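S.K.: Provided below are the primary sequence and the corresponding predicted coordinates.
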Amino acid sequence: MIEVQELTMRYGGKIAVDDLSFTVKPGLVTGFLGPNGAGKSTTMRAVLGLEVPNAGKALVNGRPYASILKPMRSMGALLDAGAVHGGRSAHAHLACLARSNRIGRARVADVLDQVGLSDVAGKRIGGFSLGMRQRLGIGVALLGDPGVLMLDEPLNGLDPEGIRWLRDLLRSLAAEGRTVLLSSHLMNELALTADHVIVIGRGRLIADTAMEELAGNFQRDVLVRTPDPERLAGMLRAHGATVVCEDDGALSVRGFDAAEIGVVALDGRIALAELAPRAASLEEAFMRLTEDSTEYRSSLQEAGR
Ligand SMILES: Nc1ncnc2c1ncn2[C@@H]1O[C@H](COP(=O)(O)OP(=O)(O)OP(=O)(O)O)[C@@H](O)[C@H]1O
């Protein structure tokens, strides 16, 4: 279990994490989402005890990570897959970490196999692709066979096969009762992997919800089909709805729900052939959740708001 309690982190005058609280529960894959600069990495560094909070605290299994005696056995973490000694082999890198953390040698071969690097175990890490470095970083996190895993952007650099592999791995680790937290700034990549999602923006909590509920909370529009689209569109607009006529003659209506549209149609004695609320995609839900808290926004996006 990871608990973040009223965490606040400042850099100079800038607030990176702002009174943030959430709990990451065992048995689930939890996605940690937010636009660039939202504060995900800063929060994860605080969980690892690499940063001292200005206020609040972060606990792993009820304790500050720095106070845990055999930390790699409690929580495995991947923060920056690039931060490894390029001259070493993958095997030497893991063996060195295993030795210094009193983890048995046998675990090194098991982990290399688990992350799919057995064939290149003797090769220098300097020649590894980003995807291979990510696999190695995940191997480091798994080395102590920890009950808690925390991975910062582990999907970066993985090819589609690698993403599928990581998805299956994380799901099976969660199914064993472990706590799994992974960050990403990409909704679609996380959508298939995570059961639960914590969304932050500008250091603040925006949502803490089951993945399947996220899009359900955002109705995109209502699709309406009628033999008399122009008259219905006129009436709905007169009532304040936003109506767009689609190419096939259907109406896309925003601002009114299906029942309200039905009442307007009845008033005008207009027949309805179809009346279907359409949910937002997860990507749309994420964009709408975070639209007010995106730190870096192009002028094009600003203009479209
Ligand atoms: N060492 C630092 N010094 C000054 N500002 C920092 C430092 N680390 C982070 N920040 C700032 O804190 C905010 C949060 O950054 P953080 O890296 O935690 O965001 P993130 O959600 O991980 O973003 P990304 O998806 O881009 O990695 C940003 O505005 C960032 O510029």
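M.R.: Thanks, I have the structure now.

S.K.: isn't G201 up against N36?
M.R.: No - at 10.6 Å, G201 does not count as touching N36 under the criterion of C-beta atoms under 8 Å. Heads up, the C-betas are built off the backbone N, CA and C, glycines and all.

S.K.: ok, these two, which is more surrounded?
M.R.: G201 (22 against 10; other C-beta atoms under 10 Å).

S.K.: beta partners for that one?
M.R.: Beta-bridge pairing for G201 (DSSP bridges): R204.

S.K.: pLDDT score assigned to it?
M.R.: According to the prediction, G201 has pLDDT 89.

S.K.: where do the strands sit along the chain?
M.R.: 2-11, 14-24, 29-33, 55-60, 75-78, 148-151, 179-184, 196-201, 204-210, 219-225, 242-245, 251-254, 274-279 (DSSP state E).

S.K.: can you list these in JSON lines and add distance to the ligand?
M.R.: Shown next, in JSON lines, are the strands of the chain (distance: least, C-beta to the nearest ligand atom, whole Å):
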{"stretch": "strand 2-11", "distance to the ligand": "3"}
{"stretch": "strand 14-24", "distance to the ligand": "3"}
{"stretch": "strand 29-33", "distance to the ligand": "9"}
{"stretch": "strand 55-60", "distance to the ligand": "13"}
{"stretch": "strand 75-78", "distance to the ligand": "13"}
{"stretch": "strand 148-151", "distance to the ligand": "13"}
{"stretch": "strand 179-184", "distance to the ligand": "7"}
{"stretch": "strand 196-201", "distance to the ligand": "7"}
{"stretch": "strand 204-210", "distance to the ligand": "12"}
{"stretch": "strand 219-225", "distance to the ligand": "26"}
{"stretch": "strand 242-245", "distance to the ligand": "32"}
{"stretch": "strand 251-254", "distance to the ligand": "30"}
{"stretch": "strand 274-279", "distance to the ligand": "26"}
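
S.K.: nearest to K123, out of these?
M.R.: Ranking the strands of the chain by proximity to K123 (C-beta to C-beta) places strand 75-78 first, at 20.0 Å.

S.K.: and the closest one, what does it pack against?
M.R.: helix 130-142, strand 148-151 (3 or more C-beta pairs under 8 Å, 6 or more residues apart in numbering; DSSP states H and E).

S.K.: contact partners of stretch 248-255?
M.R.: With contact meaning C-beta atoms under 8 Å, 6 or more residues apart in numbering, stretch 248-255 is reached by 220-226, 229, 232-233, 236, 240-246, 261, 274.

S.K.: thinking again about what came up before, any idea which of the helices and strands packed on strand 75-78 is most buried?
M.R.: Of all the helices and strands packed on strand 75-78, strand 148-151 carries the top mean neighbour count, a mean of 24, counting by mean count of other C-beta atoms under 10 Å.

S.K.: so which elements touch that one?
M.R.: Looks like strand 148-151 contacts strand 75-78, helix 130-142, strand 179-184 (3+ C-beta pairs under 8 Å, 6+ apart).

S.K.: distance from the chain centre to that strand, please.
M.R.: 13 Å (C-alpha atoms, centre = their mean, to the nearest Å).

S.K.: ditto for stretch 22-42
M.R.: 6 Å.

S.K.: again, but for stretch 249-265
M.R.: 33 Å.

S.K.: longest helix in the protein, by residue count?
M.R.: What stands out as the longest helix in the chain, according to DSSP state H, is helix 160-175.

S.K.: list the helices and strands it packs on?
M.R.: strand 29-33, helix 130-142, strand 179-184.

S.K.: surely V199 meets P35?
M.R.: No - here V199 does not reach P35: they are 9.5 Å apart, not a contact under C-beta under 8 Å.

S.K.: so who does L192 touch?
M.R.: Neighbouring residues of L192 by C-beta under 8 Å, 6+ apart: R167.

S.K.: tell me the pLDDT at it?
M.R.: pLDDT at L192 comes out at 80.

S.K.: which non-adjacent residue is nearest A207?
M.R.: Nearest residue to A207, sequence neighbours excluded (C-beta to C-beta, 6 or more residues apart in numbering): V199, at 4.1 Å.

S.K.: ok, so what distance separates the nearest residue to V111 once chain neighbours are set aside from E51?
M.R.: Spatially, and ignoring its direct neighbours in sequence, V111 is nearest to G139 (4.6 Å; C-beta to C-beta, 6+ apart). Note on G139: its distance to E51, by C-beta to C-beta, to the nearest Å, is 25 Å.
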